[in-house]
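Trainee: dropping a prediction and its sequence here:
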Amino acid sequence: MFRTTQRLALLAALLLWASSARASEELASKATDFEKRGLWAEACRVLDEMGRKDRSNSIIRDAYHRCLRRLHLAIRHADGEYRAALSRLSTSQALDIYSQVLGVLASAHPDREKTTMTALFQHGLAELRNALDEPAFRRNHFPDVKDSALNAFKARLAAWPLTRVATRAEAKEQAMAIARAAAREGVPLRGGAAAALILEFAAGACNALDEHSLFVTPGQLGLLQAALRGKLVSVGLELGIQDGKLVVSQLAPTGSAVEKGLMRGDLVLKIAGASVEELLAEAAAEKLRGDADTTVKVTLVRAGTTFEVELTRRAAPLPSVEVEFNSIPDDMAYYVHLRINYFSEKTLDLVKEALAKASLNGETLKGVILDLRGNPGGLFDSAVSVAELFLPEGVIVIGSSPFKKYNRTFKVESAGPYQMPLVVLIDADSASAAEILAGAIKETRGPLKMALLVGQTTYGKGSIQCFIPLDKTALDRAALKLTVAKLFSPGSLPYTGQGVSPDVPLAFTDPTAVLLEGRKQLLALIKQRAGMMP
């Protein structure tokens with residue numbers, strides 16, 4: 001009987017493995033097909049889904065980064081403001097911008113092996129070759145040039161000598177030599193084409209470093225600045241991926257989406273009448289954007305029922321912190337549910353205010369649910385400050401960076417005021433600063449039986465990015481979004497590619513069910529602590 005049970009268990013495991021293997025093969029096939037067809041957003045979405053299931057797979061990560069670079073390239077040349085700026089740039093001005101970018105990358109990125117002048121030049125050369133494959137790049141900058149000439153130029157680039165480049169001046173000389181080679185292959189550089197060609201070297205040097213570093217065009221920078229100031233025009237919702245589907249992941253309390261009754265977890269089918277079945281979340285979100293006071297129709301599914309709403313675009317920033325005070329009467333347990341949507345300059349004050357209010361609510365605060373689901377990160381300093389509220393003495397995070405500010409070990413010098421049972425809810429969209437907080441709590445408070453992480457393994461982004469404007473150049477309002485530090489857990493474990501694993505892993509992702517499980521685990525911690533106290 002025992003052997004029969006063993007055989008059945010083994011058979012079940014093999015069937016599960018086979019099913020998982022088939023699903024992985026299907027995803028890999030889809031990703032390959034999308035990449036061959038130049039559908040970069042779709043390829044990124046599939047590879048992202050594969051990467052979340054196997055974070056340590058370097059082949060998947062490399063493929064995702066490769067397709068992401070192509071997606072950024074396509075977005076860059078779809079930016080009308082950028083194309084207009086290129087038309088005003090002289091060759092000399094473009095070369096000066098390239099030189100400035102090289103200087104910033106070499107001094108600010110933490111991975112020195114990737115930022116030698118030779119490596120940066122080669123990254124740029126690869127970017128230009130990719131650009132010549134993009135229909136938008138050819139159409140915008142070489143509309144009257146025959147395909148045969150562009151293909152000959154691309155072949156010339158493939159055979160370009162791999163010479164050592166020691167200085168920024170030598171990199172500029174090589175870029176200029178390639179511009180002259182274009183003319184010899186019958187590719188004239190007129191009307192901003194020379195600037196477009198040279199700035200591909202700048203963009204490629206940045207975008208190739210890691211999946212979070214990016215050459216930011218003027219149009220992109222304006223959008224990012226609006227978001228940071230809370231002035232981004234939107235319909236008041238954020239999109240994410242859940243079980244491979246595009247869903248509503250966050251809602252702004254003052255947005256049109258809340259007014260129309262949308263809920264977290266609603267499945268998105270169409271935006272403006274077009275299917276979003278194979279769109280990356282970012283690409284789908286782009287379809288939601290538009291001018292203030294305009295509308296967009298969205299088709300969704302909830303509990304098997306399909307419905308359509310018309311949403312109005314307006315400034316509707318998502319709050320950094322949402323608070324809910326709760327009690328469990330039968331168990332005499334009073335706790336606060338703190339949802340941190342992202343880390344901003346106001347996050348620490350909002351969290352402290354909520355905890356202070358909970359402590360003065362007439363009941364004894366016995367525990368906290370810290371909800372980091374869907375939190376993409378935000379300000380590093382803010383996450384460190386919030387960690388100090390909950391941690392005893394010890395390490396929060398270890399930074400490695402060219403900058404003194406980040407190249408150190410961040411510690412809690414004295415125990416924070418909230419040394420009470422704590423449950424942290426995490427998922428595959430918890431990233432960056434959220435992972436710093438979750439990882440510190442797990443490694444510092446977990447062994448003390450004072451905290452549990454509940455949910456799914458986090459995204460795996462252990463780095464800090466800064467926006468670095470390109471100063472004193474003719475390309476107004478361009479910038480670099482650049483990784484400036486790598487982050488490690490208190491136990492020196494890398495976050496990048498690994499994430500933070502939960503103490504209580506959940507197979508389900510339904511928001512309400514996860515919260516109920518979190519409450520159950522918190523109550524168990526509260527009872528456990530009460531039993532330990534004299």
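Mentor: Nice, I can see it.

Trainee: name the residue closest to the centre of the chain, please.
Mentor: Centroid check for the chain by Cα atoms, centre = their mean gives residue 376 as the closest residue, at 6.2 Å.

Trainee: once you drop chain neighbours, what's closest to it?
Mentor: residue 431 (5.1 Å; Cβ to Cβ, 6 or more residues apart in numbering). Glycine gets a C-beta too; all of them are placed from N, C-alpha and C.

Trainee: tally of neighbours for the one you found?
Mentor: When neighbours are defined as other Cβ atoms under 10 Å, residue 431 has 24 of them.

Trainee: OK, contacts around it?
Mentor: Listed by Cβ atoms under 8 Å, 6 or more residues apart in numbering, the contact set of residue 431 reads 375, 376, 377, 458, 459, 460, 461.

Trainee: then residue 300?
Mentor: 248, 262, 266, 267, 268, 269, 306, 307, 308, 309.

Trainee: and if you look at residue 378?
Mentor: 320, 342, 343, 344, 347, 432, 433.

Trainee: the second one contacts residue 376, correct?
Mentor: Yes: checked against Cβ atoms under 8 Å, the pair residue 342 and residue 376 is within contact range at 6.2 Å.

Trainee: state which strand of the chain is the longest.
Mentor: For the chain, the longest strand by residue count, based on DSSP state E, is strand 479-488.

Trainee: elements contacting that one?
Mentor: helix 91-108, strand 214-216, strand 394-400, strand 463-469 (3 or more Cβ pairs under 8 Å, 6 or more residues apart in numbering; DSSP states H and E).

Trainee: pick the most deeply packed of those.
Mentor: Highest mean neighbour count among the helices and strands packed on strand 479-488 (mean count of other Cβ atoms under 10 Å): strand 214-216, with a mean of 25.

Trainee: contacting residues around residue 433?
Mentor: The neighbours of residue 433, taking Cβ under 8 Å, 6+ apart as the test, are 343, 375, 377, 378, 379, 380, 382, 383.

Trainee: from those residues, which is closest to residue 53?
Mentor: Checking the contacts of residue 433 against residue 53 with Cβ to Cβ, the nearest one is residue 375 at 20.6 Å.

Trainee: got a pLDDT number for that closest one?
Mentor: We have a pLDDT of 92 for residue 375.

Trainee: the helices and strands packed on strand 479-488: which one's closest to residue 115?
Mentor: It is, among these and with distance given as Cβ to Cβ, helix 91-108, at 4.8 Å.

Trainee: helix, strand, or coil at the residue nearest to the centre of the chain?
Mentor: coil (DSSP: H, G, I helix; E, B strand; the rest coil).

Trainee: measure it to residue 134 for me?
Mentor: 28 Å (Cβ to Cβ, to the nearest Å).

Trainee: then residue 170?
Mentor: 28 Å.

Trainee: residue 29 now?
Mentor: Counting by Cβ to Cβ - residue 29 and residue 134 are separated by 24 Å.

Trainee: list the contacts for residue 261?
Mentor: Counted by Cβ under 8 Å, 6+ apart, residue 261 has contacts residue 309.

Trainee: which strand or helix spans it?
Mentor: Assessed by DSSP states H and E, residue 261 sits outside every helix and strand.

Trainee: ok, back up a step: so for residue 242, which of the helices and strands packed on strand 479-488 sits nearest?
Mentor: strand 463-469 (24.8 Å).

Trainee: between that closest one and strand 479-488, how many degrees?
Mentor: If you take axes from the mean of the first three to the mean of the last three Cα atoms, to 10 degrees, strand 463-469 sits at 160 degrees to strand 479-488.

Trainee: contact partners of strand 463-469?
Mentor: Contact partners of strand 463-469, identified using Cβ under 8 Å, 6+ apart, comprise 104, 108, 110, 210, 212-213, 216, 221, 224, 380, 399, 401, 406, 432, 477-487, 495-496.

Trainee: and it, average pLDDT?
Mentor: For strand 463-469, the per-residue pLDDT averages 91.

Trainee: and stretch 178-193, what's buried?
Mentor: Within stretch 178-193, the residues that count as buried by 16 or more other Cβ atoms under 10 Å are 178, 179, 182, 185, 187, 189, 192, 193.

Trainee: same question, stretch 493-502
Mentor: Using 16+ other Cβ under 10 Å as the test for burial, stretch 493-502 gives 495, 496, 498, 499, 500, 501, 502.

Trainee: where do the helices of the stretch 301-450 of the chain begin and end?
Mentor: For the stretch 301-450 of the chain, the helices defined by DSSP state H, counting those that start in this stretch occupy 347-359, 380-390, 433-445.

Trainee: with pLDDT added, can I get the buried residues of stretch 178-193 in JSON lines?
Mentor: Output for those, formatted as JSON lines (pLDDT from 0 to 100):
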{"residue": "178", "pLDDT": "95"}
{"residue": "179", "pLDDT": "94"}
{"residue": "182", "pLDDT": "93"}
{"residue": "185", "pLDDT": "90"}
{"residue": "187", "pLDDT": "92"}
{"residue": "189", "pLDDT": "89"}
{"residue": "192", "pLDDT": "88"}
{"residue": "193", "pLDDT": "92"}
